[in-house]
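Engineer: A structural model of the following input is requested.
(3 chains)
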Amino acid sequence: MSIPMSRTRRSWMNALSLVICLIHILPFYILLTTSFKADDDLSSKWNFPGYLYLDNFADAWREANLASAFKSNLIVTVCAVFLIVVVGSIAAYPLSRRQTRWNKFIYALFVSALIVPALTILVPLYKFMVDIGGMNRYWGIVLLHVTFNLPTTIFLYTGFISTIPRELDEAAMIDGAGRLSLFYRILLPLLKPITATVIILSGVAVWNDYTFSVFFLQHVDTRTITVALSAFFTQFSSNIGWVAAGSLLAALPMIVVYLFLQRYFIEGLASGAVKG
Amino acid sequence: MRNQGLKVLTMLLLTALVLMGCSQRSGTGGQAQPSESSATPSASAAPSQTDSPSPSKPDAGSGEKIKLTVYSTIGELKNQEMMKSIGDAFTKENPNISVEFQFPGAEYENILKVKMAANDLPDVFDTHGWAVIRYGNYLADLRDEAWAPNLTDTIKPVVTDKEGKVEALVLSEAKDGISYNAEILERYGIQPPTTFDELMAAADKIKTESKGQVTPFFMSGIDNGMIGGFLDLYSTSMYISPQQNQASKLLDGTFDWNNWTPLASKLLDMQKKGYINKDALTAKYTDLPKRFAQGKVAFVFGAPSFADEVYKTNPDAKIGIMPLTTMVEGDAPTFSGGERYTMGAWKDGKHLAEAKKLIAFFAKPENMTTIANATKLPPGLKDIPSQHEFASYYEQFKDIRVFPYFDRVYLPNGMWDVMCKTGTSLVSGQTTPAQFADKMKQEYERLRKQQA
Amino acid sequence: MSETKPSIRRTRAAAGRRAARRDAWVNLMYVPALLLFLVFIFYPFLRGIQISFTNWDGYNQHYNWIGLENYSRIFRDPDMGKIVRNTAVYGIGSAVLQNLIGLLYALFLSQSIRTRGLVRTVIYLPVIISGLIMGYIWYFFFQYDGGAINDILLLFANEPANLLGNPNANVWIITFVNTYQYLGIAMVLFLAGLQSIPRDYYEAATIDGAGVWTRFARVTWPLLAPAFTVSMVLNLTGGLKLFEVIVAMTNSGPGYASASMSSFMYLLYFGREDAGYAATVGILMFVLISIVSLVALVWLRRREVQT
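Structural biologist: Coordinates of the predicted model:
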């Protein structure tokens, strides 16, 4: 609803937007000043150090063993997100196109899983994981992440697919395409924006996960970033420079991915989540 | 738009590529499993296999590589390296056994609990004060090991159960009293106090004469073990160590919990008089070393496990230790203690023999000395020489009585957390000493009934 | 979810029914998802319910069945009232704040401002950071000793404030942090909602002589209803399950003063070795969240239909 604005009003708006930006960037500012500050620099957290000091980053990287943590995170997140997209999108197709009473029930079942508290199911889950030999294996935790991200994913895909006209399906079916090939050839390409949304939402959830990772990937070599950092925090939280630098390093990849997919993200939400 | 689409496509391609790599990796790992779990009940799957991310051969026959997994509570990086180097020395002697250490840090207890629930323990693990009560059912009997007779007289009863089963090798004992900043005490002309009243007088003197620059005591409410630790230590001097004591009443459940109120009041008094750091509720344990190094803290209840962190900021800091002051007239000072770092073997472990061999290796005098010097704690075996700044203190106080931690013996499992949480709540002013006593009574009775 | 017009729908329904049986195999497409769900959520959840009828300590192989004892304990637990209240503040408080501020931001950013891309990114940024890390960052602010807020406060006062140690303030501080962190989700949903409102609606309203406020009340607000529903439900379930920020900032303390049901459950499970009771609290939490989100959903969806 862009209505022509007067020049003064526009500059007020710009000023206001900068103020909002400043308020929201504050925590990141503190994070930055802290991470660039030497351990013996006791000046206020508001002061940016007048020198270049990168030891915190190097130390945090080494002491928290972030190199191996990044590797684990990358493997787990990429595998999980890929499967979330595949399993979620194909599951959403029948749920949105064949709305039988049974399928509506299944849909409700999926979405209700959003509410299950992880701790209630932790121990049975752990036992089960030991039994199937999935402990400390990437595939074990990947399957868990896929499962726990399916509710939101199915919710988004189902909403999105129902905004695609059915006439498209019917036209393709007349041409003799089967349901499956129809899904792959016609629908999948149309799902791009919502897929970006799903990638960001589930990617962030998997990347940052703590509750599952700490129990299911205990092994030092398979530890993920959040787990490595939290162990590191409890041990060295007196050295907040390291903590801040570690946090910054952990967040960076997700920030980059978000910046890349940002445009699709909102587009996907616009058509997948907020249309009735 | 086209450009964006390309990006998404490349990302998906990348995804597929990495996925292939990852499924390969997990695939080989997964295949090792079924052959085993079909032979034995699945719950007892060997930890060395389930714990390793890299493909390992399922059968550990002669000449095959064996991997022992060791879980330890050691937190300091330096000491972790020390443990690993002893492990490496062991592998050098036994080339087919490799040792893999895990140091889960703050999550240690939680992870071990979940592991116990699933009956999936490491080959060797640390019992950190819970050898008999919590881990006893899962530990192998080590009484026939060559080192077992050498356990010190103070520690032997702590890690031996009623039937005489020895649960673990004690690498270091805990002797918790009070740690203090020797410089501050010297500056204000204070001798290490022996009674609680003297301690309070010293606190008052430090607080007044330093004009509030020095906080007599440091506590942390976020890591609420510090407030709980104070109560746990002084419970011993109040209810257990005096001649007239409540030990039997606590054990048979007839203890009058109104007796708890005075102890709680003492803690609250300390807080009200400003002897404890103002941010006691929100400070973290890790805030302590820096403040101690800067001379802002005089006394800390418990062992000086923070010493190395202090030296990082102030290499010349002088840390002293002393036994816990008395609480009751006519009583003598005490230490509370138990096993600190230990190595016990999982009784259902697939490599029990090798695990025992590894423990025996750690029990060698030269290794025990290395551990004692690094952890700066008294070793759990007799006649182990050690050389560190606290060694002379432990020598000086070697005749002071050591009591087991109060909660382990006299409180049912689960009370520790109640004591910590309610203690924090007391300091924050949400709970009165009488309410605290009442809460202790309720939970004590409920938990006793539940565990009976 | 019904996007098609009723007339089209009716004609298709007849054809659809014929095709239905022949088409049932399409359901196979959700079988993988269903299998994962049954194995990793449904089955463990049933076991969780089972545990809630025992006095299991969380690790021993032995435990006793104690019937409904844990359930009756919940009602006698003196800490429970406070914890449920906190949970409600975390859930409902942040959901309301997030939606209110998120909506304002979205309206503001839908203007043609040069910097809007930047502002949008900055506001959304915290969402991609782990709750645990976000908690630590804010701990730097509220810390007593050398905290960023106390540094400013000390310019005006003699005494630093122990904000996180104050049992009345810290629940709201945590709510604020949670609001700050997930505000971006509400904002983005509303932005997306605004994008999908056709321009000519506004033009028509302007021709009818509607002012800014009327345009908002007649056009924007009703048409944002679906976005509002989704955002409300997501934020509610997120806030009611709040855990990591609490752990990082106060560890539920002092005492249980800032505990949520999630963090309380964690303490019961691992601290008090009271797994049976922890499971019971988990079930209660599940039921409460279900009720709250269901009521919210039904109410919000009805609002959507009316408008």
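Engineer: mind listing the helices for the stretch 51-200 of chain A?
Structural biologist: For the stretch 51-200 of chain A, applying DSSP state H, counting those that start in this stretch gives helices covering A:55-63, A:66-97, A:101-112, A:122-131, A:138-161, A:166-174, A:179-182, A:188-190, A:192-208.
Engineer: so for B:Lys207, which of these sits nearest?
Structural biologist: Nearest to B:Lys207 among the helices of the stretch 51-200 of chain A is helix A:55-63; the distance by Cβ to Cβ comes to 35.4 Å. For the C-beta atoms, the positions are set from N, CA and C on the backbone; glycine is no exception.
Engineer: circling back to that earlier point, so which of the helices of the stretch 51-200 of chain A is nearest B:Gly228?
Structural biologist: Checking these against B:Gly228 by Cβ to Cβ gives helix A:122-131 as the closest, at 24.9 Å.
Engineer: which outside residues touch the closest one?
Structural biologist: A:135, A:140, A:144, A:211, A:215-216, B:37, B:42-43, B:45, B:50, B:114, B:117-120, C:39-40, C:43-45, C:47-48, C:51, C:58, C:269, C:275 (Cβ atoms under 8 Å, 6 or more residues apart in numbering or on different chains).
Engineer: go again with 6 Å.
Structural biologist: A:Met135, A:Gly140, B:Ser42, B:Val114, B:Ala117, B:Ala118, B:Asp120, C:Pro44, C:Arg47 (Cβ atoms under 6 Å, 6 or more residues apart in numbering or on different chains).
Engineer: so which of these belong to strands?
Structural biologist: Among those, DSSP state E puts none in strands.
Engineer: near chain C, which residues of the stretch 301-450 of chain B?
Structural biologist: B:Asn413, B:Gly414, B:Asp417, B:Lys421, B:Thr424, B:Ser425, B:Ser428, B:Gln430, B:Gln450 (Cβ under 6 Å from any Cβ of the partner chain).
Engineer: tell me if I'm right that C:Gln195 and A:Glu267 touch.
Structural biologist: No. The criterion here is Cβ atoms under 6 Å, and C:Gln195 misses it with A:Glu267 at 8.0 Å.
Engineer: neighbour count winner among the two?
Structural biologist: The residue with more neighbours, out of C:Gln195 and A:Glu267, is A:Glu267; 19 against 16, by other Cβ atoms under 10 Å in any protein chain shown.
Engineer: the helix or strand where the more buried one lies to helix A:55-63, inter-axis angle?
Structural biologist: Here A:Glu267 sits within helix A:240-272, counting by DSSP states H and E. When axes from the mean of the first three to the mean of the last three Cα atoms, to 10 degrees is applied, the directions of helix A:240-272 and helix A:55-63 differ by 80 degrees.
Engineer: how far off centre is helix A:240-272?
Structural biologist: 8 Å (Cα atoms, centre = their mean, to the nearest Å).
Engineer: just the buried residues of it, please?
Structural biologist: Within helix A:240-272, the residues scored as buried using 16 or more other Cβ atoms under 10 Å in any protein chain shown are A:240-251, A:253-254, A:257-258, A:260-262, A:264-272.
Engineer: now that helix: mean pLDDT?
Structural biologist: For helix A:240-272, the mean pLDDT works out to 82.
Engineer: what helices or strands is that helix leaning on?
Structural biologist: helix A:7-35, helix A:55-63, helix A:138-161, helix A:192-208, helix A:225-236, helix C:170-195 (3 or more Cβ pairs under 6 Å, 6 or more residues apart in numbering or on different chains; DSSP states H and E).
Engineer: make JSON lines from the ones you listed and add distance to chain B to it.
Structural biologist: Formatted as JSON lines, those follow (distance: least, Cβ to the nearest Cβ, whole Å):
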{"stretch": "helix A:7-35", "distance to chain B": "15"}
{"stretch": "helix A:55-63", "distance to chain B": "7"}
{"stretch": "helix A:138-161", "distance to chain B": "4"}
{"stretch": "helix A:192-208", "distance to chain B": "6"}
{"stretch": "helix A:225-236", "distance to chain B": "4"}
{"stretch": "helix C:170-195", "distance to chain B": "9"}
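Engineer: next, name the residue at the spatial heart of chain B.
Structural biologist: Centroid-nearest residue in chain B: B:His128, 4.6 Å away (criterion: Cα atoms, centre = their mean).
Engineer: check contacts around that one.
Structural biologist: Residues in contact with B:His128 (Cβ under 6 Å, 6+ apart) are B:Thr73.
Engineer: if we go to 8 Å?
Structural biologist: B:His128 touches B:Thr73, B:Tyr108, B:Glu109, B:Glu339, B:Arg340, B:Tyr341, B:Thr342, counting by Cβ under 8 Å, 6+ apart.
Engineer: count of residues packed around the first one?
Structural biologist: Residue neighbour count, defined by other Cβ under 10 Å, stands at 19 for B:Thr73.
Engineer: from B:Tyr285, how far out is the residue nearest to B:Val132 when sequence neighbours are not counted?
Structural biologist: Nearest residue to B:Val132, sequence neighbours excluded (Cβ to Cβ, 6 or more residues apart in numbering or on different chains): B:Asp161, at 5.1 Å. The spacing between B:Asp161 and B:Tyr285, counted by Cβ to Cβ, to the nearest Å, is 32 Å.
Engineer: the two: who's more crowded?
Structural biologist: Set B:Asp161 next to B:Tyr285 and count neighbours by other Cβ under 10 Å: B:Tyr285 wins out with 21 against 15.
Engineer: tell me the SS of the closest residue to the more buried one other than its chain neighbours?
Structural biologist: With Cβ to Cβ, 6+ apart as the criterion, B:Tyr285 has its nearest non-adjacent residue at 4.2 Å, and that residue is B:Asp223. Classification of B:Asp223 using DSSP: H, G, I helix; E, B strand; the rest coil returns coil.
Engineer: low-confidence ranges, the chain, go.
Structural biologist: By default, I'm working from chain A. Chain A contains residues with pLDDT under 70 at A:1-5, A:176-177, A:234-238, A:271-276.
Engineer: to clarify, I was referring to chain C.
Structural biologist: C:1-23, C:305-307.
Engineer: try 80
Structural biologist: C:1-25, C:112-114, C:145-146, C:253, C:303-307 (pLDDT under 80).
Engineer: strands along chain B, start to end?
Structural biologist: B:66-71, B:97-102, B:124-125, B:169-176, B:178-181, B:215-217, B:297-301, B:319-322, B:334-345, B:401-404.
Engineer: quick one, domains of chain B?
Structural biologist: Here the domain assignment for chain B is B:46-52+B:61-174+B:339-395, B:176-337+B:405-451, based on automatic domain parsing.
Engineer: before we move on, what about chain C?
Structural biologist: C:1-36, C:77-306.
Engineer: which residues does the residue sitting nearest the centre point of chain A contact?
Structural biologist: By Cα atoms, centre = their mean, the mean C-alpha position of chain A lies nearest to A:Val204, the distance being 1.6 Å. Neighbouring residues of A:Val204 by Cβ under 8 Å, 6+ apart: A:Met254, A:Tyr258, C:Val127, C:Ile128.
Engineer: and what of A:Phe216?
Structural biologist: Counting by Cβ under 8 Å, 6+ apart, A:Phe216 touches A:Tyr126, A:Met129, A:Gly134, A:Met135, A:Asn136, A:Gly140, A:Ile141, A:Leu144.
Engineer: leaving out chain neighbours, which residue sits closest to the last one?
Structural biologist: Sequence neighbours aside, A:Phe212 is the residue nearest to A:Leu144 in space, at 5.3 Å (criterion: Cβ to Cβ, 6+ apart).
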